[in-house]
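Quick one, structure for this:
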Amino acid sequence: MVDLVAQHQEERIPTLAQRVSIVIPAHNEEVVIGDVLDELSAGNYYEMIVVDDGSTDKTIEIAEKHGARVVRHPYNIGNGAAVKTGIRAATGDIIVLMDADRQHPPSDVPRLLAKIGDYDMVVGARTAASDAAMQRRIANKVFNTYASYIVGYPIPDLTSGFRVVKASLLKKFVYLLPNAYSYPSTITIAMFRSGFRVCYVPINSPASKSGSSIRPLKDGFRFLMTITRLGTMFVPLKIFLPVSLLFFSVGAGYGAWLLIYRARFSNMAAMLITIGIVIFLMGLIAEQIALFRMANTSSD
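Sure thing, here's the model as predicted:
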């Protein structure tokens with residue numbers, strides 16, 4: 001169940017037995033990485049992991065100077081790839097994922113950690129007051145609506161990379177995560193459709209100090225394709241059924257019009273109806289495969 005908690009709700013920090021690893025992907029973040037790590041250091045977390053994704057500035061030196069464990073990519077692979085590297089390297093029981101550009105305030109980490117005892121994943125949901133361009137807000141609204149349809153629950157912020165997840169679950173899904181920016185949507189849909197508990201905590205996200213490197217058209221299309229791909233992986237009928245109904249309805253409507261007004265039927269109408277039925281049957285088969293795969297995953 002999704003829980004949009006109040007801003008000032010009582011906080012509960014994980015027990016001392018639960019070690020917290022903070023994973024921060026970074027690419028040329030020398031300007032801000034030191035300040036982020038200094039703020040996080042005040043929380044005395046188990047480990048701070050900075051994954052340097054082929055930076056050409058002093059990100060590595062500054063991160064090491066400020067007490068982080070640095071894992072280095074020899075060249076730039078992608079934000080999602082850096083996150084996957086950090087997840088694999090983390091040794092804590094709970095993993096915090098956050099950006100290095102101060103869009104995810106370190107002061108909000110305790111608020112997210114306070115909810116992880118009751119939930120399997122806690123996400124920092126950006127509020128309307130967060131600093132984002134209008135086109136990005138519109139795009140995020142589209143993504144949120146589409147993903148909410150896929151998972152069957154309202155998702156207030158699909159693309160937020162600021163989240164706390166139980167390590168055992170996150171590592172189970174790491175193979176699904178892409179190398180680019182759409183890893184938040186992937187883990188969100190995977191967690192929801194696998195029946196794990198997800199909570200959204202409102203946060204105020206300031207603008208990135210280093211500027212956004214997301215390309216609206218190319219990355220926006222990738223986000224939509226990622227959601228569709230995950231839909232076919234976890235709930236295929238939600239993708240196949242609308243397409244099936246479209247073909248079947250057009251074919252049946254066209255065929256009915258021909259019978260009523262032209263007293264004949266056409267091969268085109270028959271073909272559209274047949275395509276609709278075939279797509280529906282393919283969706284049923286895909287749904288059964290998805291159910292078997294999820295059952296096997298849950299038993300691992």
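
just the helices in the chain please.
33-41, 59-65, 79-89, 109-113, 134-151, 167-173, 183-193, 216-234, 237-257, 267-299 (DSSP state H).

State the pLDDT value of residue 129.
Looking at residue 129, its pLDDT stands at 64.

Is it correct that residue 149 is in contact with residue 241?
No: in this structure, residue 149 is not within contact of residue 241 by C-beta atoms under 8 Å, at 11.5 Å. Bear in mind the C-beta positions are built from the backbone N, C-alpha and C, glycine included.

Quick one: the helices of the chain as TSV, columns for distance to residue 98 and mean neighbour count too.
Supplementary listing: these in TSV, determined by distance: least, C-beta to C-beta, whole Å; neighbours: other C-beta atoms under 10 Å:
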stretch	distance to residue 98	mean neighbour count
helix 33-41	8	19
helix 59-65	14	19
helix 79-89	10	21
helix 109-113	7	20
helix 134-151	18	16
helix 167-173	14	17
helix 183-193	11	24
helix 216-234	20	17
helix 237-257	31	16
helix 267-299	27	14
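
And those: which comes nearest residue 101?
Of all those, helix 33-41 sits nearest to residue 101, with 8.3 Å by C-beta to C-beta.

Tell me which other helices or strands the closest one touches.
Under the contact definition 3 or more C-beta pairs under 8 Å, 6 or more residues apart in numbering; DSSP states H and E, helix 33-41 sits against strand 20-26, strand 47-53, helix 59-65.

Identify the residues contacting residue 180.
Contact partners of residue 180, counting by C-beta atoms under 8 Å, 6 or more residues apart in numbering, are 78, 79, 80, 219, 222.

Any chance of the helices and strands packed on helix 33-41 in a markdown table with mean pLDDT and distance to residue 263 as columns?
As requested, the helices and strands packed on helix 33-41 are exported to a markdown table (pLDDT from 0 to 100; distance: least, C-beta to C-beta, whole Å):
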| stretch | mean pLDDT | distance to residue 263 |
| --- | --- | --- |
| strand 20-26 | 95 | 66 |
| strand 47-53 | 95 | 67 |
| helix 59-65 | 94 | 75 |
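
Report pLDDT for the nearest residue to residue 23 once chain neighbours are set aside.
Of all residues not flanking residue 23 in the chain, residue 86 sits nearest, at 3.3 Å (C-beta to C-beta, 6 or more residues apart in numbering). If you check residue 86, the pLDDT there is 96.

any low-confidence regions in the stretch 101-250 of the chain?
The model of the stretch 101-250 of the chain has pLDDT under 70 over residues 129-134, 207-219.

one more time with 90
Residues of the stretch 101-250 of the chain meeting the criterion pLDDT under 90: 101-103, 117-118, 126-143, 159, 175-183, 185-186, 193-195, 204-227, 229-230, 233-234.

sorry, back to before: which of the contacts of residue 180 sits closest to residue 62?
For the contacts of residue 180, with residue 62 as the reference and C-beta to C-beta as the criterion, the closest is residue 79, at 19.0 Å.

pretty sure the closest one contacts residue 182?
No: counting by C-beta under 8 Å, residue 79 stays clear of residue 182, with 9.4 Å between them.

Quick one: residues contacting the closest residue to residue 192 other than its chain neighbours.
In space, and not counting its chain neighbours, residue 192 is closest to residue 151: 3.9 Å by C-beta to C-beta, 6+ apart. By C-beta under 8 Å, 6+ apart, residue 151 lies in contact with 188, 189, 192, 193, 235.

Farthest-apart pair in those residues, please.
Distance extremes for these: the farthest pair is 188 and 235 at 13.7 Å, using C-beta to C-beta.

With distance to residue 121 as extra columns, can I get the helices of the chain in TSV?
Formatted as TSV, the helices of the chain follow (distance: least, C-beta to C-beta, whole Å):
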stretch	distance to residue 121
helix 33-41	20
helix 59-65	26
helix 79-89	13
helix 109-113	10
helix 134-151	13
helix 167-173	7
helix 183-193	5
helix 216-234	15
helix 237-257	21
helix 267-299	16
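
To residue 202, which of those helices lies closest?
helix 109-113 (9.5 Å).

Outside of the closest one itself, list whatever touches it.
The contact list for helix 109-113 (C-beta under 8 Å, 6+ apart) reads 11, 13-14, 20, 22, 40, 43, 45, 94, 96, 98, 122-124, 162-164, 201, 203.

could you redo the contacts of residue 151 as a markdown table and give each row distance to residue 270?
Rendered in a markdown table, the data for the contacts of residue 151 read as follows (distance: C-beta to C-beta, whole Å):
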| residue | distance to residue 270 |
| --- | --- |
| 188 | 41 |
| 189 | 37 |
| 192 | 39 |
| 193 | 36 |
| 235 | 30 |
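
which residues touch residue 250?
Neighbouring residues of residue 250 by C-beta under 8 Å, 6+ apart: residue 272.
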